[in-house]
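Asker: return a 3D structure for these sequence lines:
(one chain, ligands or ions: 2)
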Amino acid sequence: MPKDFLSAADLDAAAWRRMLALARELRGDGDRRDLAGRTLAMIFEKPSLRTRVTFELAIAQLGGRAVHLAGGEIGLGSRESTADVARNLERWVDAIAARTVSDATVRELAANCRIPVVNALTDREHPCQAAADFLTILDRRGSLDGLRLAWVGDGNNVCHSLILAAARLGVGVRVAAPRGYEPDPAVLAGAERIAEPGYSAVVVREPADAVAGAHAVYTDVWTSMGQEAEAEARRRAFEGYRLDAALLARAEPDALVMHCLPAHRGEEITAEVLDGPQSAVFDQAENRLHAQKALLLLLLGPEDGARGPT
Ligand code: CP
Ligand code: NVA
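Answerer: Residues are numbered from 1 along each chain as shown. Ligands and ions are numbered 1, 2, ... in the order given. Sure thing, here's the model as predicted:
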């Protein structure tokens, strides 16, 4: 395992598969106390429901405890430098999960302490979401072999982590995004460099071209946290990228509907699709807990945790 989980690319293929297997094992085992006495500091510069609750419960269910720190409260980078915050925290806690506005901030935290740092969402990536997403797909399909994933909408942080995880796991991805909202070419190039057999990524303009024959169709909000000033322009740009029943009908008949949540029904996805029979969105939300328990065990755990099934 690497020291940190800052990017979905940080786990190699074997570590990704080990994490997914351990998450499935942990789901059925409420009695593990491998992290008894260990503490996780959680820094949030942006709002959160899922990430906060699931990290807090993940460490608690493994016997440890979490300390929640709002970015404004500790003055990350203003009252005190990010590096000094990291140097303090490592004296008291065993790991840090941080949701920061800028990806550079979470990297600066990691570079300035010896304890594991986990990216709990930045402007560039959301690797913990990808962990839960591939766990959800694995649960539903039984295998990731031959999987074709479609992304419709903004080539954003969630999309980036999904692409990088897909590269590690050998999964094919087709992204449909309007001009100017494609995934960062540097992420696509990075994914190519780490790709396992089976991975491919194609960026297209037409949602129907991405969704055709897909086993899972993923979308996310058109305006991510911090982009509120662009909301109107984004609504115009993404009109035509709504995941509705007609678009979903182009995918495989049993294709999963995926969304990291929070969702805006009637904007990026219709209520009919989000709340419909193909939707896996609340399984994804549940799996944040199981995947993050596995991640914490692998990053922090004693040897038995790290040994996990392969
Ligand atoms: N999906 C997700 O990360 O949700 P929160 O922003 O509520 O944590
Ligand atoms: N792309 C969204 C994901 C929220 C979990 C955002 O960054 O706001």
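Asker: in the stretch 201-310 of the chain, what residue spans correspond to strands?
Answerer: Counting by DSSP state E, counting those that start in this stretch, the segments of the stretch 201-310 of the chain that form strands are 216-219, 256-259.
Asker: for burial, what's the neighbour tally of S143?
Answerer: With neighbours defined by other CB atoms under 10 Å, the count for S143 comes to 8. Bear in mind the C-beta positions are built from the backbone N, C-alpha and C, glycine included.
Asker: try the one 10 residues further on
Answerer: Here the count is done by other CB under 10 Å, and G153 has 29 residues near it.
Asker: pretty sure it is touching E268, no?
Answerer: Yes: judged on CB atoms under 8 Å, G153 makes contact with E268 at a distance of 5.6 Å.
Asker: look up the residues that both of those two are in contact with.
Answerer: Contact criterion CB atoms under 8 Å, 6 or more residues apart in numbering; residues bridging G153 and E268 by contacting each: T219, D220, W222, F238, Y241, L243.
Asker: just those: which are in helices?
Answerer: In this view, those that belong to helices under DSSP state H are F238.
Asker: tell me the residues of the stretch 201-310 of the chain that contact ligand 1?
Answerer: By CB under 6 Å from any ligand atom, the part of the stretch 201-310 of the chain that sits against ligand 1 consists of C260, L261.
Asker: so where's the stretch 201-310 of the chain uncertain?
Answerer: Counting by pLDDT under 70, the stretch 201-310 of the chain contains low-confidence ranges at 302-310.
Asker: and with 50 instead?
Answerer: Residue ranges of the stretch 201-310 of the chain with pLDDT under 50: 303-310.
Asker: list the contacts of the closest residue to A237 other than its chain neighbours.
Answerer: For A237, ignoring the flanking residues on the chain, the nearest one in space by CB to CB, 6 or more residues apart in numbering is P178 at 4.8 Å. Contacts were defined as CB under 8 Å, 6+ apart; by that measure P178 touches R205, A237, F238, G240, Y241.
Asker: which stretches of the stretch 51-200 of the chain form strands?
Answerer: Secondary structure of the stretch 51-200 of the chain, counting by DSSP E, counting those that start in this stretch: strands at 65-70, 95-99, 117-119, 148-152, 172-176, 200-204.
Asker: which residues are contacting the shortest one?
Answerer: Residues outside strand 117-119 that contact it (CB under 8 Å, 6+ apart): 3-7, 86, 95-98, 103, 106, 109-110, 125-128, 295-296, 299.
Asker: gap between it and the chain center?
Answerer: For strand 117-119, the distance from its own C-alpha centre to the chain's C-alpha centre is 11 Å (CA atoms, centre = their mean, to the nearest Å).
Asker: the fourth one too?
Answerer: Using CA atoms, centre = their mean, the mean C-alpha position of strand 148-152 is found 15 Å from that of the whole chain.
Asker: compute the inter-axis angle for that strand and strand 200-204.
Answerer: 30 degrees (axes from the mean of the first three to the mean of the last three CA atoms, to 10 degrees).
Asker: which non-adjacent residue is nearest the residue sitting nearest the centre point of the chain?
Answerer: In the chain, the residue lying closest to the centroid (CA atoms, centre = their mean) is Q129, at 2.0 Å. Nearest non-adjacent residue to Q129, counting by CB to CB, 6+ apart: C260, 4.9 Å away.
Asker: for the one you found, grab phi and psi.
Answerer: In terms of degrees, to the nearest 10, the main-chain angles of C260 are phi -70, psi -20.
Asker: what number of residues lie near it?
Answerer: For C260, the number of neighbouring residues by other CB under 10 Å comes to 27.
Asker: ok, D145 next?
Answerer: Residues within reach of D145, counting by other CB under 10 Å, total 10.
Asker: quick check, the lengthiest helix in the chain touching ligand 2?
Answerer: Of all the elements of type helix in the chain, the one with the most residues (DSSP H) is helix 281-300. No: counting by CB under 6 Å from any ligand atom, no contacts exist between helix 281-300 and ligand 2, the nearest distance being 10.2 Å.
Asker: quick one, that helix and strand 95-99 angle?
Answerer: Direction vectors for helix 281-300 and strand 95-99, defined by the same axes, to 10 degrees, enclose an angle of 140 degrees.
Asker: close enough to count as contact, N157 and P127?
Answerer: No: N157 lies out of contact with P127 (CB under 8 Å); the separation is 9.3 Å.
Asker: out of those two, which sits in the more crowded spot?
Answerer: More neighbours sit around P127 than around the other of N157 and P127, counting by other CB under 10 Å; the figures are 28 against 25.
Asker: if I look at N287, how far off is L256?
Answerer: From N287 over to L256 the distance is 12 Å, taken as CB to CB, to the nearest Å.
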